[in-house]
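A.B. asks: Model the structure of this input:
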Amino acid sequence: MLVEDYFANSTELLSETTITEQKTRSVNIHGILWPILFTVLIIVANFLSLVAFCIEKRLRTYNNYFIINLTILDFMTGLFLILSVVHTHIGYYPFSQDICKVTSALRSVIVNASNLAVVLICADRHQATYDPINHFISRSKRMAVIKNLIPWTVSLVFWFLYITVPEFIIDFDNGRHCIRWYTVRTLPGIVPFITFFYLPFTIIAVLYFRIVAKIQATLGGKNVEKRFVMKDANKGKITAELPDDGMTSAVSTATINVDLSSDNFDQGPKMKNDNAANNGKKTTVKRETATEMSKATRTLFVIVIAFVVSWLPQSIIMLIYSIEPVLVVPGLPRPARLFFGWMPYLNSLLNPISYAVSQPLFRSTIFNMFLCRRK
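C.D. replies: Residues are numbered from 1 along each chain as shown. Predicted structure coming up:
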């Protein structure tokens, strides 16, 4: 079995000495069935997720717009895997080298944008944790769409400049298996996995641990009010207490002091009574509720775990391969290389499962879809 994509077959494709072995190897029907099943599961799971977001309006919240973006990217990853399955079955890349140069970049764009989307979710949660009022004021579906364009734009520019443009300039011979130019060089071969995993993982780890630390430091209590109550407004300070929704998450009690003379207050927290601050009256601050924060944080946790579990093994293997190939080939058995090579794609299958695990409404919507009923 031969997998076309770099992540799934890099240890197989980086050396042309394996071509003779591939020519004489008969197609293993059991070997091709697993990639087909895996690809179908990714496509179906993410397609059902997109349908759920379409038919259930309550799922189309600000926070879930980031999830929708990630679902679209994972669905497209599954579609690109169809080409990998075809390549695996016939034993060579079925299209021209010019198409190879373009599709290689497009595949990398989709995969990298998917990983950067996780970084974006972490960054948004970080802002919601450290600057909750301004985060709530600035958030909108339009803003969510703009933010979600960032992973697409960054990935598109970087990978076309890193893969397609150099290969056309030097007229690189991609061979029978659509090999990338950087796979035959040590340092350029490390850059992709730094971009795909190590850099996003570092950012995610820093942001997530900061989120956890902030929650533990400021949201440790359990007895809180049902609404955000502003106090001492006439003294130039606002004291807000987080509501308690009875959940077992880390979101509990917090006190937020906002200086009314601050420049950041020009956009100010939304109030039910704009004159309340001047009158020294108690009013309600609109911001992300404890339920929203708990659900978003829980979803983020499951997505981050899926990302690390899926990408870490192959990233370590490819880092070792770039430094000393003999430690991987033939040191690591071929079935193991192929197994770990497919693991990054497991992330695209685990993500929709993560939504169902962390969001009861999403789970019930999928369940009702299978029962062909709507509320």
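
A.B. asks: any idea where the helices of this protein begin and end?
C.D. replies: 6-13, 19-24, 29-55, 62-90, 97-130, 132-138, 141-159, 165-169, 186-193, 199-218, 276-279, 290-323, 334-358, 360-370 (DSSP state H).

A.B. asks: can you list the residues that contact the last one?
C.D. replies: Counting by CB atoms under 8 Å, 6 or more residues apart in numbering, the neighbours of helix 360-370 from elsewhere in the structure are 48-49, 51-52, 55-56, 58-59, 355-357, 374-375. Where C-beta positions appear, they are placed from N, C-alpha and C, glycine not excepted.

A.B. asks: Of all pairs in these, which one is the farthest apart?
C.D. replies: Greatest spacing in the contacts of helix 360-370, by CB to CB: Val357 and Arg374 (22.6 Å).

A.B. asks: ok, those two, which is more surrounded?
C.D. replies: Val357 (15 against 9; other CB atoms under 10 Å).

A.B. asks: Am I right that the more buried one is in contact with Val302?
C.D. replies: Yes: between Val357 and Val302 a contact is recorded at 5.7 Å, counting by CB atoms under 8 Å.

A.B. asks: where do the contact lists of the two overlap?
C.D. replies: In contact with both Val357 and Val302: no residue, using CB under 8 Å, 6+ apart.

A.B. asks: can you list the weak-confidence ranges in the protein?
C.D. replies: For the chain, the stretches with pLDDT under 70 are 1-31, 219-288, 290, 325, 327-331, 373-375.

A.B. asks: what residues are up against the residue most central in space within it?
C.D. replies: Closest to where the C-alpha atoms of the chain average out (CA atoms, centre = their mean) is Val118, at 3.0 Å. Neighbour list for Val118: 70, 200, 204, 303-304, 307 [criterion: CB under 8 Å, 6+ apart].

A.B. asks: Quick check on the residues you listed: which are buried?
C.D. replies: 70, 200, 204, 303-304, 307 (16 or more other CB atoms under 10 Å).

A.B. asks: now the residues you listed in TSV, with distance to Pro335?
C.D. replies: Below are these laid out as TSV (distance: CB to CB, whole Å):
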residue	distance to Pro335
Leu70	30
Pro200	28
Ile204	30
Ile303	29
Val304	29
Phe307	24
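
A.B. asks: right, and Asn69 touches Ser114 too?
C.D. replies: No: counting by CB under 8 Å, Asn69 does not reach Ser114; the two are 9.1 Å apart.

A.B. asks: intersection of neighbour lists for these two?
C.D. replies: What both Asn69 and Ser114 touch, as defined by CB under 8 Å, 6+ apart, is the set Pro151.

A.B. asks: Those two: which is more packed in?
C.D. replies: Ser114 (26 against 23).

A.B. asks: is it true that that one touches Gly78?
C.D. replies: No: if you go by CB under 8 Å, Ser114 and Gly78 don't touch, sitting 11.1 Å apart.

A.B. asks: Overlap of the contact sets of these two?
C.D. replies: With CB under 8 Å, 6+ apart as the test, Ser114 and Gly78 both reach Ser348.

A.B. asks: Measure how buried Glu179 is and give me the count.
C.D. replies: Rather than Glu, residue 179 is Ile. So Ile179, with other CB under 10 Å, has 22 neighbours.

A.B. asks: what about it, distance to Met143?
C.D. replies: 41 Å (CB to CB, to the nearest Å).

A.B. asks: swap in Leu312?
C.D. replies: Counting by CB to CB, the gap from Leu312 to Met143 is 32 Å.

A.B. asks: These two - which one has more neighbours?
C.D. replies: Between Leu312 and Met143, Leu312 has the larger neighbour count (other CB under 10 Å), namely 16 against 13.

A.B. asks: ok, and the closest non-adjacent residue to the more buried one?
C.D. replies: In this structure, Leu312 finds its nearest non-sequential neighbour in Phe197, 7.4 Å apart by CB to CB, 6 or more residues apart in numbering.
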